[in-house]
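**Q** Curious how this folds, go ahead:
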Amino acid sequence: MGVKVAIGEKMLPCIAMIIIEACTIFLTIMASTAMSKLGMSSFVFVVYTNALSFILLIPYSFLLHRKDNTEEPLLTFPLLSRAFFLGLVGVTIAQNLAFAGLSYSSPIVACGAANMIPAFSFIIAIILRRIKINWKSQGSIVRVVGTLISIVGILAMTLYKGPVVKQYSPSFLHLATSPKLLVFTSTHENWVLGCFLFSSASSVLVIWNIIQAGTSKQHPHVMKITCLYTLFGTIQSALLALFMEKDLSVWRLKLDFELLAIVLTAIFGSLIRSSVQMWCTRLKGSSYILFFKPVGVPVASTCGCVLFAATFHYGSMFSACICGLGYYTTLWGQLKEDETKRDMKVNVFASDERAPLLQEQEEEEDSTV
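**A** Residues are numbered from 1 along each chain as shown. Next up, the predicted model:
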């Protein structure tokens, strides 16, 4: 019985993260379908999903932190300014770039570009001089190799789509007399622009991660900060959408597939995904959830062969796999480098502890002489 429980504890976080990544892909397919088939504006989609996320996060964030005894003020200028920039970078810029890129390409490109984040993190850290490449360190060399693999993957995805995997969709997805529903077809496909927008969104998310890491150190109530920057991001995105969309009819919502995509994306992004990731982090550590990001590539590939009509290509699938390989290589190098740094700190600490003992032995030897 104890063995079964131990196996369950090990397998449950893994299964949960695989389901989370699969759901992310399915929601991406729903969003792309709503944009291509129903003409939904990507800018309006970002506003509505984040507005609903904010409404859901208000009670959830306070329930999550109700047992905390710290009464640190939330509405201080430093935290408000950080929340403002988190909303600007993570919501207004990154999400609008990503969903605009989705309207010009396909979900498989989203998977490939998302796997570029470790490589972009490494490049930006070098530019900001936060790290230096140590050619004698195995971890640094592996990170460089992984970054180069990721760059090759995203360039291949941008420049080469390859032949179409499947030019028809299964009959069970639609009736003979009705239009196809869950089939992604971009009416204004621009593959190069889509890849560029997705890559830009991934690089912006790296900057957002840096700001978020600094904010979480200053304020322990992570979900309250999330609620606050979601509010700022919603307001900023609304202003951007009003500027980009002159036709006010795009804001009209009906009880249709578009509303379903907005509601499910908001619930999943604000409550389910964050809760599962925090649970897995507590059980397995902060680096555990990072290993599941490339899972989206085979999920999107499987869905693409069934759902993406004549827009799914062998070249994009192969390039996404290359990006996934680069992701794992760069991540492994980063973890190897972090392990080396921890070992160095332990050795320094141990040598500092031995130093007084050595001095005492030397003094005893001097006294005997």
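
**Q** wait, what's in contact with the most centrally placed residue in the chain?
**A** Central residue of the chain (C-alpha atoms, centre = their mean): Ala114, 6.4 Å from the mean position. By C-beta atoms under 8 Å, 6 or more residues apart in numbering, Ala114 lies in contact with Phe198, Ser202, Lys293, Gly296. (Glycine included, C-beta is placed from N, CA and C.)

**Q** all strands for this protein, in order.
**A** Shown for the chain, no strands are assigned by DSSP state E.

**Q** so where's it uncertain?
**A** Counting by pLDDT under 70, the low-confidence segments of the chain come to 1-9, 64-74, 165-189, 304-312, 343-369.

**Q** do that again at 80, thanks
**A** For the chain, the stretches with pLDDT under 80 are 1-10, 36-39, 60-75, 106-107, 161-191, 216-222, 285-287, 300-314, 338, 340-369.

**Q** how many neighbours does Gly214 have?
**A** Using other C-beta atoms under 10 Å, Gly214 has 10 neighbouring residues.

**Q** Give me the distance between the closest residue to it other than its chain neighbours and Val47.
**A** Using C-beta to C-beta, 6 or more residues apart in numbering and skipping the chain neighbours, the partner closest in space to Gly214 is Arg82 (7.4 Å). Applying C-beta to C-beta, to the nearest Å, the value for Arg82 to Val47 is 22 Å.

**Q** Val299 now?
**A** Taken as C-beta to C-beta, the span from Val299 to Val47 is 27 Å.

**Q** From Arg130, how far out is the residue nearest to the centre of the chain?
**A** Per C-beta to C-beta, Ala114 is found 22 Å from Arg130.

**Q** Asn50 now?
**A** Asn50 is 30 Å from Arg130, by C-beta to C-beta.

**Q** can you check Tyr314 too?
**A** Relative to Arg130, and taking C-beta to C-beta, Tyr314 is found at 38 Å.

**Q** what about the two, which has more around it?
**A** Tyr314 (13 against 10).

**Q** residues touching the nearest residue to that one once chain neighbours are set aside, list them.
**A** Spatially, and ignoring its direct neighbours in sequence, Tyr314 is nearest to Gly162 (4.0 Å; C-beta to C-beta, 6+ apart). Gly162 makes contact with His313, Tyr314, Gly315, Ser316, Met317, Phe318 under the criterion C-beta under 8 Å, 6+ apart.

**Q** Pretty sure the third one sits against Met157.
**A** Read it as Gly315. Yes - assessed by C-beta atoms under 8 Å, Gly315 is found in contact with Met157 at 7.4 Å.
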